[in-house]
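K.L.:
Okay, structure incoming, though there's no sequence with it:
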């Protein structure tokens, strides 16, 4: 038996398993904190209408995905969904749905001649609380308390940062695409001073994770400059 061949065959599976095991250590933290938040918010009729649910993944959890998509938070479509799971997810959700952001993303990758990369990609968000508007996250966390590190609202904000960075570290994506200005500022701030975008599409190479982070501007779910985003992806993605 060629031990080198056997070793190469086993390595990807082992690293994938390590990735999944590392997430399982985070999963209980994520679930417990969000369940506590949901219970607390239900005490306030106005805020309980703002919080739709929570969700972590819109794809499987993959080791070394071609692309890791990071949005700001889930939207209205997650009403009543409380989901930290990854092993029940099929391929990247964008491949099988036709809502605007999914269509815009597929179009960009087709323009970049990189559509196949979507079959080996992961989608998550910086915050997991589902709301109609991203601003509602802060109405909820302010209500839950931001005065001390022990306040529930502050824990949600601080841990969003910790969990996002940890997911990037355990997955080791080739390319990170931030779906909007706020997502780009938050994700780049994990590794350096957060970047406030001036152009429609910007990117930065982060040596710490040996990956490029792309950010793009959008109007609601419409990508402002699809051609520039497509050319950037074509340049940066192998």
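P.N.:
Okay, I see it. All of these numbers come straight from a predicted model, not from anything done at the bench. Numbers count the residues shown, from 1 in each chain.
K.L.:
Run through this structure and note the low-pLDDT ranges.
P.N.:
The model of the chain has pLDDT under 70 over residues 1-12.
K.L.:
list the helices and strands the lengthiest helix in it packs on?
P.N.:
Using DSSP state H, we find that the single longest helix of the chain is helix 3-41. Packing partners of helix 3-41 (3 or more CB pairs under 8 Å, 6 or more residues apart in numbering; DSSP states H and E): helix 45-50, strand 53-55, strand 82-83, helix 135-144, helix 152-171. Bear in mind the C-beta positions are built from the backbone N, C-alpha and C, glycine included.
K.L.:
run the last query once more with 10 Å
P.N.:
helix 45-50, strand 53-55, strand 82-83, strand 129-130, helix 135-144, helix 152-171 (3 or more CB pairs under 10 Å, 6 or more residues apart in numbering; DSSP states H and E).
K.L.:
For residue 64, which of those is the nearest?
P.N.:
helix 152-171 (7.1 Å; CB to CB).
K.L.:
now the closest one and helix 135-144, what's the angle there?
P.N.:
130 degrees (axes from the mean of the first three to the mean of the last three CA atoms, to 10 degrees).
K.L.:
how near is the spatially closest residue to residue 165 that is not a sequence neighbour to residue 176?
P.N.:
Of all residues not flanking residue 165 in the chain, residue 190 sits nearest, at 4.6 Å (CB to CB, 6 or more residues apart in numbering). Distance from residue 190 to residue 176, counting by CB to CB, to the nearest Å: 10 Å.
K.L.:
Need the overlap of contacts for those two.
P.N.:
Common contact partners of residue 190 and residue 176 (CB atoms under 10 Å, 6 or more residues apart in numbering): 168, 206, 209, 213.
K.L.:
Got the phi and psi for the nearest residue to the second one once chain neighbours are set aside?
P.N.:
To tie it back to what came earlier, the one meant is residue 206. Excluding the flanking residues, the one nearest residue 206 by CB to CB, 6+ apart is residue 191, at 4.8 Å. In terms of degrees, to the nearest 10, the main-chain angles of residue 191 are phi -120, psi -10.
K.L.:
I'd assumed residue 212 was in contact with residue 191.
P.N.:
No. Judged on CB atoms under 10 Å, residue 191 makes no contact with residue 212 at a distance of 11.8 Å.
K.L.:
shared neighbours of the two, anything?
P.N.:
204, 206.
K.L.:
more crowded one of these two?
P.N.:
Neighbour comparison, residue 191 and residue 212: the larger count goes to residue 212, with 19 against 16 (by other CB atoms under 10 Å).
K.L.:
quick one: the more buried one is in a helix?
P.N.:
No. Under DSSP: H, G, I helix; E, B strand; the rest coil, residue 212 sits outside any helix and is assigned strand.
K.L.:
Now do the contacts for it.
P.N.:
Here residue 212 is in contact with 173-177, 203-206, 232-233, 235-237 (CB under 10 Å, 6+ apart).
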